[in-house]
Each structure stands twice: as structure tokens, then as C-alpha cells.
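In: Let me see the structure of the following:
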Amino acid sequence: MYNSTPIKGTGRAVSWVCGSLFTIFSVLYLYFMQSDLLATAQHLLSQGKTSYSPLWGTAVITLVLLLPPGMFHRLFHFPARFRALSYFPSCLLLGMLTSGVPGGGWEVRWAIDWWLAGAALLLYLALIWVVLHFPDVKKGGPNFFSYLWPNLGILFLSFAVAGSVAETTDVYHYRLKAERMISMGRDAEALEVGRKSLDADRSLTAMRAFALDRMGKLGERLFEYPQYSGSEGLVPERSDTAYAHGWANLLYRHLGGKPGKVKSVTQFLERLSGLPSATSSVADYLLCAYLLDKNLDAFAAALPKYYAIDENLPLHYKEAVVLYDRLHTAPSVLYRDAAVETNLNDFVRHGAQYRHPVERANQCRRMYGHTYWWYYYYQPLE
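Out: Here you go, the predicted structure:
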């Protein structure tokens with residue numbers, strides 16, 4: 001190997017800058033971006049027997065990842081212009097470490113293209129061979145910045161590789177952060193996670209419903225968030241073991257029971273509502289389950305059991321009753337609210353302007369996507 005020997009002081013300064021930037025990146029990346037993912041991965045790998053400490057985990061992982069750069073530099077003696085190449089393997093390892101996602105049960109699946117990782121390593125070795133044939137050339141005095149800029153470019157490219165290899169799916173990270181907020185009792189913060197995104201899955205939807213109900217807002221704000229799973233989205237899947245903070249246990253204590261051998265979440269809530277262990281929260285969960293199933297008849301039959309039919313009804317219940325009255329010639333529940341009825345008329349007129357169904361749904365979502373009416377008419381059930 002060619003042993004380039006630029007001015008030692010400049011080489012050491014470049015190495016110090018590269019090491020400092022990598023340390024800062026690793027700490028910020030692990031502690032602020034991926035701590036929830038690592039907590040879930042450890043929870044699954046240990047089958048719930050151990051928990052992850054973001055502070056200690058960040059410190060230990062960063063210290064371990066600082067070892068390979070020193071080894072690679074001693075092995076290859078990189079020219080000062082390319083010292084940052086010694087950090088590429090650590091960045092790749094960092095990305096691989098944060099690519100673990102639930103694989104079903106207690107398994108962890110590494111969401112990484114191993115062929116791509118292998119190709120990256122081969123390219124890295126080829127790049128080492130090339131740069132070692134271009135040693136630093138001393139021209140006059142040492143120029144620190146002429147050595148620094150190539151290293152910064154290599155280092156930031158390595159950081160990008162770490163981020164591209166890692167699991168960065170938005171919905172998965174929304175779930176992880178929302179669960180942590182809920183377990184800490186910070187429901188309002190949990191509801192802000194991914195609020196502007198239309199992406200969601202069953203677990204995230206169930207977390208949001210739980211947070212809303214603990215705030216007394218389930219019937220008021222449920223349809224502000226995308227609902228793709230119908231009533232099934234009110235509770236998580238029974239087989240899901242990915243929850244590192246045990247939020248599902250909090251939910252079932254909140255309701256007063258767990259799903260047994262039932263065919264649907266609506267059936268579970270109907271049975272639970274008749275048990276002595278049921279809490280008052282079951283009422284809103286059951287009413288919202290009927291709304292999510294688009295079963296307005298069942299909703300109208302159950303509503304008087306839990307609420308007086310007056311202006312104090314939650315907003316989505318008002319919207320549902322007004323729609324129910326309009327769809328039935330002899331409704332079992334009558335409710336009049338001039339403001340709500342006006343909004344429903346505006347919703348219908350706004351949709352009538354567009355002939356194509358997809359365009360109509362998208363245009364109505366912009367103005368009325370937070371209403372039960374948009375869900376009833378435009379959100380397909382699974």
C-alpha cells in the first residue's frame with residue numbers, strides 16, 4: 001500500500017474534524033431519529049424481556065462505530081484528502097442497524113437490499129484502491145481547506161448512504177413516536193405526529209382513536225384523521241407484538257376488556273358494552289365503530305342509549321344524525337341543526353360540480369375531508 005505522508009498536523013486536524021462530524025451525526029441520528037425504532041427492535045429480539053435506553057444505547061453504539069475508522073486508517077493509511085473514507089463502513093453499519101422492522105410475531109426483519117449493500121462494499125474497496133494511487137502532494141505550505149473539502153463531500157455522502165439503507169418509512173416512524181407519546185400520557189402530542197399526512201395504518205389509527213378518547217374528543221375529531229381500516233382501526237391487531245411501550249394494555253384497561261374470539265371489532269364492543277367491567281368509554285367506541293362501518297341504522301338505534309339528542313352531541317354524531325334523517329323517510333331519531341344542515345347542503349353542492357368520481361372525492365376532501373360525510377360517501381371499506 002502507498003503510505004502518503006502529508007504534513008502531520010494538517011492530517012490530524014482533518015481526522016479530528018471528520019471524527020467530530022461523524023460523532024455528532026451518529027448521536028443526533030440515533031437519539032432523535034431512530035431511538036423508537038431501536039427500542040422496538042430490542043423489544044422484539046428479547047421477546048419483551050429487556051428495554052432500550054436511548055441515552056445509553058446512543059453512547060454505546062456511537063463508541064463502537066468509532067472503532068472501525070481507526071482500524072481502516074491504520075490498515076490503508078488514507079491520504080489526508082480522503083480520510084473520511086474510513087468512516088464509510090461505520091455509516092453503512094449504522095444504516096443496517098436501523099433497518100430492523102417487525103417481521104411477524106417476535107421476529108425482526110432487516111429491511112435492506114443485501115445485494116445493494118454488497119455492491120456498495122465492493123465499490124468502496126475499488127475506491128480505496130484508486131485513492132491510494134493519488135497521494136497528497138506538498139506544494140508550498142500546508143493548505144488545511146484543500147484537504148477538508150473532499151473529506152466533507154465523502155462524509156456527507158456516507159451519511160446519505162446510512163439514511164438510505166435505514167428504515168425510514170413515514171407511517172412506521174409515526175407509529176413508533178405516537179406510541180411513546182401515548183405511553184407517557186402526552187395524548188395531544190401523539191395526535192400531532194403525522195397529522196398533515198394522509199398515510200396511516202391500522203396501528204396508527206388505533207393509537208389516535210385512543211388518544212382522542214382519553215381527551216374526550218373521539219366523537220368530535222375522529223374523522224379529522226384518515227380512516228382506512230373501518231371499525232377494525234379502533235383497536236390493534238391481537239397478534240401484533242411490536243409495541244415496545246405496551247400501549248395496547250393501556251387501551252384495554254381504558255375500555256375494561258380485551259377482544260376474545262369475535263369476528264369483528266364491532267362485535268367485541270357490542271359484547272363488552274353489556275359487561276359490568278365495561279367503562280364509559282365503550283359507548284363512544286361502539287358509536288364510532290358503527291359510523292366507521294357506515295351502519296347508520298345501528299348508530300341511530302344506539303345513540304339515545306348514551307346521549308341526549310340535543311345541541312351537546314359531539315360534532316361527528318351531529319353530522320351522522322343529520323345525514324341519517326336525510327336518508328330515511330321515517331327516521332327513528334330526529335335532530336335539527338341549521339348550521340350542520342347548511343354544511344351538508346354545501347358539501348352536496350360542492351361535489352355535484354365535478355363529474356369524475358376521483359376528482360369529486362379529491363376536491364371534496366380539500367374542504368370537507370374532516371367531516372363524517374366525506375368518509376361516508378368517498379372512503380371505501382376494506
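
In: mind giving me the domain ranges of the chain?
Out: 8-168, 169-294, 299-382 (automatic domain parsing).

In: Just name the most buried of these.
Out: Stretch with highest mean neighbour count among the domains of the chain: domain 169-294 (a mean of 19; mean count of other Cβ atoms under 10 Å). Just so you know, the C-beta spots here come from the backbone N, C-alpha and C atoms, and that holds for glycine as well.

In: Check what pLDDT the closest residue to residue 154 other than its chain neighbours gets.
Out: Of all residues not flanking residue 154 in the chain, residue 84 sits nearest, at 3.9 Å (Cβ to Cβ, 6 or more residues apart in numbering). pLDDT recorded at residue 84 is 90.

In: my guess is residue 84 meets residue 148, correct?
Out: No: counting by Cβ atoms under 8 Å, residue 84 sits too far from residue 148 to count as a contact (9.6 Å).

In: which stretches of this structure have low pLDDT?
Out: Residue ranges of the chain with pLDDT under 70: 1-9, 136-142.

In: How about the contacts made by the residue positioned nearest the centre of it?
Out: The chain has residue 174 as the residue nearest its centroid, 2.0 Å off, counting by Cα atoms, centre = their mean. Residues counted as contacts of residue 174 (Cβ atoms under 8 Å, 6 or more residues apart in numbering) are 193, 194, 197, 199, 200, 204.

In: so what's residue 26 up against?
Out: 58, 61, 62, 65, 90, 94 are the contacts of residue 26 under Cβ under 8 Å, 6+ apart.

In: Tell me the spatial nearest neighbour of the third one, not counting adjacent residues.
Out: Right, the one you point to is residue 62. Nearest residue to residue 62, sequence neighbours excluded (Cβ to Cβ, 6+ apart): residue 26, at 4.4 Å.

In: Angles on the backbone of that neighbour, please.
Out: Torsion angles at residue 26 (phi, psi; degrees, to the nearest 10) stand at phi -60, psi -40.

In: Could you check how far it is from residue 270?
Out: Distance of residue 26 to residue 270, given as Cβ to Cβ, to the nearest Å: 51 Å.

In: any idea how far residue 168 is from the residue nearest to the centre of the chain?
Out: Applying Cβ to Cβ to residue 174 and residue 168 gives a distance of 12 Å.

In: swap in residue 153?
Out: For residue 153, the distance to residue 168 - Cβ to Cβ - is 22 Å.

In: same question, residue 108
Out: When residue 108 is compared with residue 168 (using Cβ to Cβ), they lie 17 Å apart.

In: do residue 28 as well
Out: Here residue 28 is placed at a distance of 15 Å from residue 168 (Cβ to Cβ).

In: Now do the helix or strand harbouring residue 115: which elements does it pack against?
Out: Applying DSSP states H and E as the criterion places residue 115 in helix 114-131. Applying 3 or more Cβ pairs under 8 Å, 6 or more residues apart in numbering; DSSP states H and E, we find helix 114-131 packed against helix 88-97.

In: Tell me the helices and strands packed up against the helix it packs on.
Out: helix 8-28, helix 54-65, helix 67-76, helix 114-131, helix 144-165.

In: give me that answer again for 7 Å
Out: Applying 3 or more Cβ pairs under 7 Å, 6 or more residues apart in numbering; DSSP states H and E, we find helix 88-97 packed against helix 54-65, helix 67-76, helix 114-131, helix 144-165.

In: Redo those helices as CSV? Include distance to residue 369.
Out: Formatted as CSV, these follow (distance: least, Cβ to Cβ, whole Å):
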stretch, distance to residue 369
helix 54-65, 35
helix 67-76, 49
helix 114-131, 38
helix 144-165, 31
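
In: Nearest to residue 301, out of the ones you listed?
Out: Closest of the helices and strands packed on helix 88-97 to residue 301 is helix 54-65, at 48.6 Å (criterion: Cβ to Cβ).

In: which other residues reach that closest one?
Out: With contacts defined as Cβ atoms under 7 Å, 6 or more residues apart in numbering, helix 54-65 is touched by 23, 26, 27, 30, 31, 35, 38, 90, 93, 94.

In: which residues sit in contact with the first one?
Out: By Cβ under 7 Å, 6+ apart, the contact list for residue 23 reads 62, 66.

In: how far away is it from residue 322?
Out: Distance from residue 23 to residue 322, by Cβ to Cβ: 59 Å.
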